[in-house]
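Undergrad: what's the 3D shape of this:
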Amino acid sequence: MTLETATFAGGCFWCIETVFNRISGVESALSGYMGGHTPSPTYRDICNGDTGHAEVVQVRFDPSVIAFDALLDVFFALHDPTQLNRQGNDVGTQYRSAIFFHSPAQEAAARAKVAELQTVSAAPVVTGITPASEFFVAEDYHQRYYEANPEQPYCRYVVAPKVVKAQTNFARWLKPGT
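TA: Numbers count the residues shown, from 1 in each chain. Presented below is the predicted three-dimensional model:
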């Protein structure tokens, strides 16, 4: 099995990480930081919005089970790619919509998907498409946060609806039992 890496930013990483960890063919989805200039950032560092880093999820996946294009479909269903530097009440460049590509094929697929979305969106799609840079894994307490804290208010009102959306729209791609 040859795994590939994909990295997505679309608001709070808890939302995206939770869903990607439920997708068949995804070996891991880790919350972290990418795209900035501060070395070895912490959550506290990126919260002020001046490190340049986004909250991201780095996905290791088996392309023989789930295609990168399918991951793009999931990614765009989980957030609003027309919101610049925010998702809902999460505001700042750390919550921007971005795809950090790891290959020319990923870049081409991401650009094609954004162009396709733009044809059906009334607002401009602002998702950035840039080469992947160094990935910094977020602190342990951010990993699988929803599973450990399902009753936490943010999880109940923001993450849980995205899980339900994935279960409804992407049931064919979910791991058994999720």
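Undergrad: tell me if Glu116 really is in a helix.
TA: Yes: with DSSP: H, G, I helix; E, B strand; the rest coil as the criterion, Glu116 is part of a helix.
Undergrad: quick check: pLDDT value at it.
TA: The model reports Glu116 with a pLDDT of 96.
Undergrad: next up, the contacts around it.
TA: Not one residue lies near Glu116 by Cβ atoms under 8 Å, 6 or more residues apart in numbering. For the C-beta atoms, the positions are set from N, CA and C on the backbone; glycine is no exception.
Undergrad: do Ile66 as well
TA: By Cβ under 8 Å, 6+ apart, the contact list for Ile66 reads 23-26, 173.
Undergrad: likewise Lys165?
TA: Lys165 is in contact with 77-78, counting by Cβ under 8 Å, 6+ apart.
Undergrad: doesn't it belong to a helix?
TA: Yes: under three-state DSSP, Lys165 sits within a helix.
Undergrad: on that earlier part again, list just the nearest of the contacts of Ile66 to Asp140.
TA: Checking those against Asp140 with Cβ to Cβ, the nearest one is Val26 at 19.6 Å.
Undergrad: which non-adjacent residue is nearest that closest one?
TA: Residue nearest to Val26 in three dimensions, not counting chain neighbours: Phe61, with 4.9 Å by Cβ to Cβ, 6 or more residues apart in numbering.
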